[in-house]
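J.: sharing a model prediction with you, sequence too.
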Amino acid sequence: MSPSLTPDEWKRFLTTGSTTSPDTEPGLPCRDCGVLVAAGEGPIETVTATERERVLPVRSSEPVIRTEEILPFEIQLSQCSRCRARNRAAANLVDEYPSLSRSLGDRWYATLAFEAMLLVPDVVGMDWRSIVKGGQKSVRVAMAHFRPLGGAARWSSLVTPVIRHDATQPTRIRWRHLSEELVDRFRDAYGEMLADLTDGPRMVPPPEGNEFRTALRGCLLCGVGTATAMRNQASFVWGPLRGADPGLLGGQRLPHDIYGYLCPTCARAVASVGPGIGPTGMEKALFAFLEITPPELAEDKVAEFGRTTVQVSHLRAWCALPAGTPPNVTPWAHVSGLGELAEGLRSAIGAR
């Protein structure tokens, strides 16, 4: 099945769970790191293989890997002392973080998830204890990054439930069975975890759109060219791609909508009105930026369209400006006399 084991060695290993090479004593493979554990030095657990992969050579093409059923048989595994210590710490985390554990599933599954989480730094040569000592934030961030990867690193995944065609025999070196590609993925995940732990606010420009629509480079309403977000929020801080009619936002009507994104402040204001982007949502976005509640109309004023608050005349959204207008450095910077407008609104509120 593999160049590292002869057919006789594989037969011996798959039927007894042990293998002998010229420079080693018989033993069992560590279920996690794959190092050979001498008899009596670790616990024994049994797994079952029900299928195996076979490589079928194809002329002038990549070999075909086919999975076939086999008679179920049991394979014995062990755990080296270093993996036992790491897995004991993982089991303790289940009790230390009960809310996180419950979100992962039952106790058995939560234990496996914590084991997979601590396994990744061990593979890349880092101290997994630093994650445990880092407290709540460290554990939760590590779980998000490492849980999907850790299970794939276990040596036992080579032989159960499917005996893989590239399965290798246990060695004296931990994690020798892992490919460089997989180890590189673990290193990348570890780097991303550290970046999230040291995360700080950053300026994020809006996305460029999608394969069908090109987005404007500023918020459709206030025109700001960047939004402040943490690293793990950067991909969704601008929300979904939206269409807008500039004719409803103080500009000239066009035969088609224009597309772009809303900054978080404008998005919340528009959502309080409805799904579309219209003049009411635009005014609410301006008031939200100015941190002003729109003053009520005077009693002698007639409400238009049922509105009872003061309206801002000739207000125009950034997307309604001429094409090619650069984004604003600050929200609503394209509105002339913004400071005077804010003072006037505050004065109107104070006069009520």
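T.: That came through, no problem. Residues are numbered from 1 along each chain as shown.
J.: give the residue spans of the chain that score low on pLDDT.
T.: Under the criterion pLDDT under 70, the flagged ranges of the chain are 1-26, 295-311, 348-352.
J.: other residues contacting the strand of greatest length in it?
T.: The single longest strand within the chain, with elements called by DSSP state E, is strand 64-77. Applying Cβ atoms under 8 Å, 6 or more residues apart in numbering, the set of residues contacting strand 64-77 from outside is 13-18, 28-31, 44-56, 58, 155-156, 159-160, 162-163, 165. Yep, even glycine has a C-beta here, placed from its N, CA and C like the rest.
J.: so what's Leu248 up against?
T.: Each residue near Leu248 by Cβ under 8 Å, 6+ apart is listed here: 277-279.
J.: just to revisit the earlier point, check which residues of the longest strand of the chain are buried.
T.: Across strand 64-77, burial judged by 16 or more other Cβ atoms under 10 Å covers 75, 77.
J.: touching, Pro327 and Cys222? I think so.
T.: No: with contacts defined as Cβ atoms under 8 Å, Pro327 does not count as touching Cys222, sitting 9.6 Å away.
J.: with neighbour numbers in mind, choose between those two.
T.: Higher neighbour count among Pro327 and Cys222: Cys222, with 27 against 18, using other Cβ atoms under 10 Å.
J.: quick one: Leu112 and Asp95, what's the gap?
T.: Leu112 sits 15 Å away from Asp95, taking Cβ to Cβ, to the nearest Å as the criterion.
J.: comparing those two, which residue is more hemmed in?
T.: The neighbour count for Leu112 versus Asp95, taken as other Cβ under 10 Å, is higher for Leu112 (18 against 10).
J.: sorry, back to before: any common contacting residues for Pro327 and Cys222?
T.: Common contacts of Pro327 and Cys222, defined by Cβ under 8 Å, 6+ apart, comprise Trp318.
J.: quick one: the helices in the protein?
T.: For the chain, the helices identified by DSSP state H occupy 7-16, 81-96, 98-104, 107-123, 129-133, 135-150, 180-197, 264-271, 279-290, 338-351, in order along the chain.
J.: make JSON lines out of these and add distance to Met230.
T.: Listed next are those as JSON lines, based on distance: least, Cβ to Cβ, whole Å:
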{"stretch": "helix 7-16", "distance to Met230": "49"}
{"stretch": "helix 81-96", "distance to Met230": "25"}
{"stretch": "helix 98-104", "distance to Met230": "20"}
{"stretch": "helix 107-123", "distance to Met230": "21"}
{"stretch": "helix 129-133", "distance to Met230": "20"}
{"stretch": "helix 135-150", "distance to Met230": "12"}
{"stretch": "helix 180-197", "distance to Met230": "8"}
{"stretch": "helix 264-271", "distance to Met230": "12"}
{"stretch": "helix 279-290", "distance to Met230": "21"}
{"stretch": "helix 338-351", "distance to Met230": "29"}
